[in-house]
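*Asks:* sequence and predicted structure below; questions after.
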Amino acid sequence: MKNDIEMKAGQTFPLTIKRLGINGEGVGYFKRKAVFVPGALPGEEITAEAVKVQPKFTEARVKKIRKKSPHRVSAPCPIYEQCGGCQLQHLDYSAQLDEKRAILVQALERYTSFNTANLDIKETIGMDNPWNYRNKAQFQTGIRDGKIIAGLYVPNSNRLVNIEECIVQRPVINEIIEVVRQLLKDLAIPVYSAKKKSGVKTIVVRAGFETGEVQAVVVTGSNDFPKASLFADELMKRKPAVKSVVHNINPGKTHLVFGDETKRIAGNESIAEKLGDFEYDLSARAFFQLNPVQTVKLYDEVKRAANVQPGDKVADAYCGSGTIGLWIGSEASEVRGMDTVAESIADARANAKKYGVKAAYETGPAEKWLPKWKQQGWVPDVLVTDPPRTGLDRKLIQTIKEVKPKTLIYVSCNPSTLAKDLAELASVYKIEHIQPVDMFPQTAHVECVVKLYLKCN
């Protein structure tokens, strides 16, 4: 308590950075209390200035770097420090890969009783070119000085940063967002107004790496989208790569980008994308990995870990458009998958039919379908889960422990929720190995493929 009284916002103090936190911030300790400092790197000695003092930790900023990390580099993005979309552009790429593995290890040490020294945690798989890799952008719209802007909100604020070029996105995405922004202006299509509860909220653009096809989605706060057909025709005329223009309606205040209603304005309902030998149909709301180059590496790791044998039954939870199940299930007797997004299930069924994979896909949560299938006498030999950042649903963890697939492959995009889930699964499953994969260079995110196998009863 005495330390809390002594520390005040605005106070400066010396700090040595020990590690990176889960959000990419530097972490040091002052008077035994953790201090989180965005932009600071492990090994650096800085003068920190307290910004927000909490009972158990302090948030601070870099006042001065007294000893610089040998891995510090100049961030190439001119709005890097404003945007917040990337957190590690100031750290050289090889060091990013090392730190991401370290973030995973720290999460396991914090949330589990595992001895990480005894776990097979492999080195992070990186990219040859860690730029221009994102195939999708979701930019919020706004008005500033009478002009339409589009970009991302500064973390933990309502301040929108206008982004004219994002160097981690495909160049074509930047080009199309700029055209959309210009068309909104030229056609006097209003951006979102909280008061009127209408207007354009979000511009979503997805581009196929291999096919070159692009889909543009305009998300509005109401059914009203004035001049929608004219907008779509003009966009497709200016940018022939755009093969699909879609209107999504998302009323009310929500952190979700998409609402439940989607309408095709022009072109196709979906675009095509290729990964390896597969071509996938992607509708507006269908989940698909944001980095196709690394997705191939990720899915190959899943395939190696799953090691599906002829006759094996494979279940794909959170299956999206069926990508992982189809990738690993060519030798399986049957693939079954489930997802709560109906459009994704429609895509998955179409993809399975296209490639002649014996597969069945159902709309709904895995915790509903796995017990139902077990009652019918169908228990998967291999279960693959690829949940959102919140991790596995508690009911699904209990279901997995009851259904007991022999092999469980957990694909995670959040080390903290992964660690918590592994701790709960540890009573039934043992970890064989963990493979980190860098799906999002220049950010603090790290994806992992974990192979678990059923303990002997």
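*Replies:* Looks like it came in fine.

*Asks:* next one: stretch 40-54 to chain centre, how far?
*Replies:* Its chain's C-alpha centre and that of stretch 40-54 lie 28 Å apart, by C-alpha atoms, centre = their mean, to the nearest Å.

*Asks:* same question, stretch 373-391
*Replies:* Taking mean C-alpha positions (C-alpha atoms, centre = their mean), stretch 373-391 and its chain are 21 Å apart.

*Asks:* wait, isn't T340 in contact with A366?
*Replies:* No - here T340 lies out of contact with A366, judged by C-beta atoms under 8 Å, at a distance of 9.4 Å. Every C-beta, even on glycine, is put in place using the N, C-alpha and C of the backbone.

*Asks:* which one's more surrounded, those two?
*Replies:* A366 (28 against 12; other C-beta atoms under 10 Å).

*Asks:* how about that one: what's its closest non-neighbour residue?
*Replies:* The spatially closest residue to A366, leaving aside those adjacent along the chain, is A317, at 3.8 Å (C-beta to C-beta, 6 or more residues apart in numbering).

*Asks:* now do the helices in the protein.
*Replies:* Using DSSP state H, the helices of the chain run over residues 2-6, 80-83, 93-111, 171-186, 228-238, 292-306, 323-328, 342-355, 366-375, 394-403, 415-425.

*Asks:* just those: most buried one?
*Replies:* When the helices of the chain are scored by mean count of other C-beta atoms under 10 Å, the highest mean neighbour count falls to helix 323-328 (a mean of 26).

*Asks:* what mean pLDDT does that one have?
*Replies:* Regarding helix 323-328, the rounded mean pLDDT is 93.

*Asks:* which other helices and strands contact it?
*Replies:* Secondary-structure packing of helix 323-328 (3 or more C-beta pairs under 8 Å, 6 or more residues apart in numbering; DSSP states H and E): strand 278-283, helix 292-306, strand 313-317, strand 334-339, helix 342-355, strand 382-385.

*Asks:* circling back to that earlier point, who's in contact with the residue nearest to A366?
*Replies:* 337-338, 366, 370, 383-387, 396 (C-beta atoms under 8 Å, 6 or more residues apart in numbering).

*Asks:* do R181 as well
*Replies:* Taking C-beta under 8 Å, 6+ apart, one finds 141, 148-150, 203 in contact with R181.

*Asks:* change it to 7 Å
*Replies:* If you count contacts by C-beta atoms under 7 Å, 6 or more residues apart in numbering, R181 has them with 148, 150.

*Asks:* heads up, I number from 804, so please use that
*Replies:* Renumbered: residue one is now 804, and that last one reads R984.

*Asks:* gap between it and R1009?
*Replies:* In this view, R984 and R1009 are 17 Å apart by C-beta to C-beta, to the nearest Å.

*Asks:* which residues does stretch 921-929 contact?
*Replies:* Counting by C-beta under 7 Å, 6+ apart, 896, 900, 903-904, 907-908, 1100, 1234-1241, 1249 sit against stretch 921-929.

*Asks:* equivalent analysis for stretch 1003-1015, please.
*Replies:* Applying C-beta under 7 Å, 6+ apart, the contact partners of stretch 1003-1015 are 938-944, 953, 973, 975-976, 979-980, 983, 987, 992, 994-995, 1017-1024, 1044, 1053, 1060, 1074-1077, 1085, 1095.

*Asks:* just the ones of the residues you listed in strands?
*Replies:* Using DSSP state E, the subset of the contacts of stretch 1003-1015 located in strands is 939-944, 953, 1017-1023, 1074-1077, 1085.

*Asks:* might one say that E1072 is in contact with A1087?
*Replies:* No - counting by C-beta atoms under 7 Å, E1072 stays clear of A1087, with 8.2 Å between them.

*Asks:* those two: which has the busier surroundings?
*Replies:* More crowded of E1072 and A1087, by other C-beta under 10 Å: A1087, with 22 against 17.

*Asks:* residues touching that one, list them.
*Replies:* With C-beta under 7 Å, 6+ apart, A1087 has these contacts: 1018, 1020, 1049, 1051, 1065.

*Asks:* swap in 6 Å and give it another go.
*Replies:* For A1087, the contact set (C-beta atoms under 6 Å, 6 or more residues apart in numbering) comprises 1020, 1049, 1065.

*Asks:* quickly list the domain ranges of this protein.
*Replies:* The record's domain split for the chain, according to automatic domain parsing, is 805-875, 939-1078, 1094-1257.

*Asks:* which one of these is the most hemmed in?
*Replies:* Taking mean count of other C-beta under 10 Å, domain 1094-1257 is the most buried of the domains of the chain, at a mean of 20.

*Asks:* what stretches of the protein score poorly on pLDDT?
*Replies:* 804-808, 1260 (pLDDT under 70).

*Asks:* pull the longest strand from it.
*Replies:* Looking across the chain with DSSP E, the single longest strand is strand 860-870.

*Asks:* which residues are in contact with that strand?
*Replies:* Residues contacting strand 860-870 (C-beta under 6 Å, 6+ apart): 815, 837-840, 842-843, 847-855.
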